[in-house]
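Chemist: Give the three-dimensional model of this entry:
(2 chains)
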Amino acid sequence: MKEETRKQDKFTIISELARRRGFYWQSYEIYGGVSGFATYGPLGARLKQNIERKLRELFVDKLGVLEIESPVITPEKVFVASGHVEHFREPMVECVKCKKRFRADHLLEEVAGVSEAEAEKMSLDELSETLKKNSIQCPECGGALGEPKQFLTMFKTTIGPYSEAVGYGRPEAAQGIFVEFRRLYEMAREKIPFGVLQIGHALRNEISPRQGLLRVREFTIADLEFFFDPEEPDCHLLKEVKDEMLRLVLAEHRLKGSEKITEVSVAEALKKGYVKSEWHAVFMAYAKKLLIELGVSAENQRFIEKLPWERAHYSSQSFDQQVLVERWGWVEVSGHAYRGDYDLKQHAESSGVDMCVFKEYEKPVEREQLVIKPLMANLGPVFKNEAGKVAELLSKADPQEVEVSLKKEGFFKIGKYKILPEHINVLRQKTVERGRRFIPHVVEPSFGSDRLLYVALEYAYRAKEDRALLNFPPDIAPIQLGVYPLVSKDGLPEKALALCRELVDEGFVAEYDEAGSIGRRYARADEVGIPLGVTVDYDTLKDGTVTVRDRDSWKQVRSPSKDLPQLLHRYFRKKIGFDALGAPI
RNA sequence: GCGGUUGUAGUCUAGUUUGGCAGGACAUCAGCCUCCCACGCUGACGACCCGGGUUCAAAUCCCGGCAACCGCACCA
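Modeler: Numbers count the residues shown, from 1 in each chain, chains lettered A, B, ... in the order given. This next block holds a predicted model:
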């Protein structure tokens, strides 16, 4: 891209506008700034809250998902169990001569022809050895390579005064949900399926974050872990979104080097097996609708299926929801991973806590079961002090086998012990199974708040008659109303200020402005995306009506100020449009 | 992390070649004007990325750091 075009591209314009008007900027500016960290100003903080509120409305209010808030600092054990300590790192080697750094595993793949799967499994020592064996040198300058080192992309810290109590800043909010699964399951009244949402900060020590809000080291993630029974994978919400169209870039096409878009309905995507789980597909549909509500039209969105080696270690199928932005092309705004039972299983194993759920059958299943009961009175005298061991072995034996062997041979050999019929009772016992125990499967939609905010900004940006305008959807606009006196004299300011207070009292985010000409104030308001302007003029003094101005069309309607609260509430709830706010002028 | 380019009020920028009072525009604030889209007038506020060096004197030259942009690399 040419320097000139870059100067005017939307990323530059948005970044400048964001800084100037207080949406966001780079943190720690007074000390020169630190890349990968952003501070949200008054407008940005509010915009972000509004976007997150929409996530809550969608998932918590409508779908009944539970929301929690858990710590960022996490003891090492958790991320050892989750696999992050092992996988959230890159082996790097540095050239001794030119100091360039390379991924050690990638070098082996490219230069020595080691397969990707193999290279990924290697330890540092193995990598080092293989590099030496193949006498691999710096691909840039031919210099010698140093020892490979791990670059861990999690932030490491210690908990309390003991250096051995290692902790990490979480790179995702999901683990905070998995480790609390038992309690959350109880709070869901032990009913499956259910979902848990967490919106909070996550940390990733990116090597070189350079894309403004799109890649920061500390960011806000909205992880929704949805737990369901893999044997009953049906989603009751499917009917609501089955006809929603999804634009998919499938792995099979990507493997052939194509980014062909397959446009199918949710129902079709499932039928054709493009998306493996109903819940997965349903959440993708909701994600698409959410982005539309944030101002990103369908044709500027797509879901790209991750290739096996691009997927995170826990995932068996993943789609990234991407949005087209001007400077960088397609960028990820949400990830949709099928995590299976990976995480709960890992935590169950590491912690020793059972992560199974119990699901009652509609009708209990009666089952006749073969049971072996050792008759200790008879075993004792024969095996003496080994009798206990024999009994234990018997409890592990397959009853079926025991019975068959006894019938056929007249005895059953277990280890070095010979069991005769009189040593045991073989019973047919009726048991009633009332349900099933299993580890739930998880589908995870995971949104990056900061990225949602950036795309909402970029898609809201319009240049109109040489001035900037942000046409946020009214329900995410950081400021809802601008209230103005037409001129600042003759009692109009007092009247307007009173009206503004009244509207704030009614629960609106309204701002009063009397500085400069009315045109200038409209322009100022447009630039931060205030959807409606309410202007008090001389007619207001006579008949109590005010003008309401629409940010996008600049149209105006006239309405009695006393009707405003009710009308505006309906407008911001999307019950009525702008024209219904009053009489045309 | 590497290489190249760059860093002047909130924003855009002049000045850097050749060291010598840092200037403008927009925005903001106060006042005037103003009956609906950045009008005009008066005034005010406000900057040389940070640290060190050379020099009588540094925005300017040199060194180091930080940051941004571009390229490379990286992005579980």
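Chemist: And what about the closest residue to RNA strand B within the stretch 301-450 of chain A, helix, strand or coil?
Modeler: Closest approach of the stretch 301-450 of chain A to RNA strand B (Cβ to the nearest atom of the strand) occurs at residue A:312, with a separation of 3.5 Å. C-betas here are computed from N, CA, C, even on glycine. Under DSSP: H, G, I helix; E, B strand; the rest coil, residue A:312 falls in the coil class.
Chemist: Please name the residues that touch it.
Modeler: Residues near residue A:312 by Cβ atoms under 8 Å, 6 or more residues apart in numbering: A:87, A:318, A:337.
Chemist: mind checking how far it is from residue A:535?
Modeler: The gap separating residue A:312 from residue A:535 is 53 Å, by Cβ to Cβ, to the nearest Å.
Chemist: you'd agree residue A:515 is in a helix?
Modeler: No: under three-state DSSP, residue A:515 falls outside any helix and is assigned coil.
Chemist: list the contacts for the closest residue to it other than its chain neighbours?
Modeler: Counting by Cβ to Cβ, 6 or more residues apart in numbering, residue A:515 lies nearest to residue A:521, which is 7.1 Å off, once chain neighbours are set aside. For residue A:521, the contacting residues are A:482, A:484, A:513, A:514, A:515, A:533, by Cβ under 8 Å, 6+ apart.
Chemist: so which pair among those is furthest apart in space?
Modeler: For the contacts of residue A:521, the maximum inter-member distance is 14.2 Å, found between A:515 and A:533 (Cβ to Cβ).
Chemist: so where does the residue positioned nearest the centre of chain A fall, helix or strand?
Modeler: Chain A has residue A:446 as the residue nearest its centroid, 1.1 Å off, counting by Cα atoms, centre = their mean. Taking DSSP states H and E as the definition, residue A:446 sits inside strand A:441-448.
Chemist: Give the other helices and strands that the next helix or strand after that strand contacts.
Modeler: Per DSSP H and E, the first helix or strand lying C-terminal to strand A:441-448 is helix A:449-460. Packing partners of helix A:449-460 (3 or more Cβ pairs under 8 Å, 6 or more residues apart in numbering; DSSP states H and E): helix A:10-21, helix A:42-56, strand A:218-228, strand A:317-325, strand A:329-340.
Chemist: pLDDT on stretch A:489-504, on average?
Modeler: Stretch A:489-504 shows a mean pLDDT of 95.
Chemist: Is there contact, residue-wise, from it to RNA strand B?
Modeler: Yes: for stretch A:489-504, a contact with RNA strand B is found by Cβ under 7 Å from any atom of the strand, at residue A:489.
Chemist: coming back round to it: next, format the contacts of residue A:312 as a markdown table and append neighbour count.
Modeler: Listed next are those as a markdown table, based on neighbours: other Cβ atoms under 10 Å:
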| residue | neighbour count |
| --- | --- |
| A:87 | 14 |
| A:318 | 23 |
| A:337 | 23 |
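Chemist: Any idea which of those the model trusts least?
Modeler: residue A:87 (83).
Chemist: ok, back up a step: mind putting the helices and strands packed on helix A:449-460 in CSV, distance to RNA strand B included?
Modeler: Below are these laid out as CSV (distance: least, Cβ to the nearest atom of the strand, whole Å):
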stretch, distance to RNA strand B
helix A:10-21, 4
helix A:42-56, 13
strand A:218-228, 8
strand A:317-325, 9
strand A:329-340, 7
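Chemist: export these to JSON lines and tack on distance to residue A:297?
Modeler: Converted to JSON lines, the helices and strands packed on helix A:449-460 look like this (distance: least, Cβ to Cβ, whole Å):
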{"stretch": "helix A:10-21", "distance to residue A:297": "15"}
{"stretch": "helix A:42-56", "distance to residue A:297": "17"}
{"stretch": "strand A:218-228", "distance to residue A:297": "22"}
{"stretch": "strand A:317-325", "distance to residue A:297": "10"}
{"stretch": "strand A:329-340", "distance to residue A:297": "14"}
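Chemist: quick one on the thing from earlier: residue A:515 and residue A:533: who's more crowded?
Modeler: Taking neighbours as other Cβ atoms under 10 Å, residue A:515 and residue A:533 compare with residue A:533 leading, 23 against 9.
Chemist: burial measure for the closest residue in space to that one that isn't next to it in sequence, as a count.
Modeler: Distances taken as Cβ to Cβ, 6+ apart put residue A:549 closest to residue A:533, at 4.0 Å, once the chain neighbours are dropped. Residues lying near residue A:549 (other Cβ under 10 Å) number 24.
Chemist: ok but residue A:549 is inside a helix, no?
Modeler: No: using three-state DSSP, the assignment for residue A:549 is strand, not a helix.
Chemist: returning to that earlier point: which one of the contacts of residue A:312 is nearest to residue A:466?
Modeler: residue A:318 (43.9 Å).
Chemist: Let me see the contact set for that closest one.
Modeler: Listed by Cβ under 8 Å, 6+ apart, the contact partners of residue A:318 are A:305, A:306, A:310, A:311, A:312, A:335, A:336, A:337, A:338.
Chemist: Which one (most neighbours) among the residues you listed?
Modeler: Going by other Cβ under 10 Å, residue A:336 tops the contacts of residue A:318 with 27 neighbours.
Chemist: ok, that residue touching residue A:322?
Modeler: No: applying Cβ atoms under 8 Å as the test, residue A:336 and residue A:322 come out as separate, 11.4 Å apart.
Chemist: Can you check which residues contact both of the two?
Modeler: Joint contacts of residue A:336 and residue A:322 (Cβ under 8 Å, 6+ apart) are residue A:303.
Chemist: and the residue in the stretch 401-550 of chain A that RNA strand B sits nearest to, what helix or strand is that in?
Modeler: Using Cβ to the nearest atom of the strand, the closest approach of the stretch 401-550 of chain A to RNA strand B is made by residue A:519 at 2.4 Å. In this assignment (DSSP H and E), residue A:519 forms part of helix A:518-527.
Chemist: So which elements touch the next helix or strand along the chain from that helix?
Modeler: Sequence-wise, the next helix or strand downstream of helix A:518-527 (DSSP H and E) is strand A:532-536. If you count contacts as 3+ Cβ pairs under 8 Å, 6+ apart, strand A:532-536 packs onto strand A:481-485, helix A:492-505, helix A:518-527, strand A:545-550, helix A:564-572.
Chemist: Packed most tightly, which of the ones you listed would that be?
Modeler: Most buried of those, by mean neighbour count (mean count of other Cβ atoms under 10 Å): strand A:481-485, with a mean of 26.
Chemist: Mind listing what's buried along the helix or strand harbouring residue A:404?
Modeler: Following DSSP H and E, the helix or strand that holds residue A:404 is helix A:399-409. Under the neighbour-count criterion of 16 or more other Cβ atoms under 10 Å, helix A:399-409 has A:399, A:402, A:403, A:405, A:406 buried.
Chemist: do the same with stretch A:283-296
Modeler: Buried, per 16+ other Cβ under 10 Å, within stretch A:283-296: A:283, A:284, A:285, A:286, A:287, A:288, A:290, A:291, A:293, A:294, A:295, A:296.
Chemist: Surely residue A:300 is in contact with residue A:321?
Modeler: No: counting by Cβ under 8 Å, residue A:300 stays clear of residue A:321, with 11.3 Å between them.
Chemist: ok, these two, which is more surrounded?
Modeler: For the pair residue A:300 and residue A:321, the greater number of neighbours falls to residue A:321 (26 against 17), based on other Cβ under 10 Å.
Chemist: dump the residue contacts of residue A:285.
Modeler: Contacts here follow Cβ under 8 Å, 6+ apart; on that basis residue A:285 touches A:241, A:244, A:246, A:266.
Chemist: Residue A:371 too?
Modeler: Counted by Cβ under 8 Å, 6+ apart, residue A:371 has contacts A:399, A:426, A:427, A:428, A:429.
Chemist: Of all the residues you listed, the one with the weakest confidence?
Modeler: residue A:427 (68).
Chemist: about what we covered before: ok, the residue nearest to the centre of chain A touching residue A:335?
Modeler: Yes: Residue A:446 is within contact range of residue A:335, at 4.8 Å (criterion: Cβ under 8 Å).
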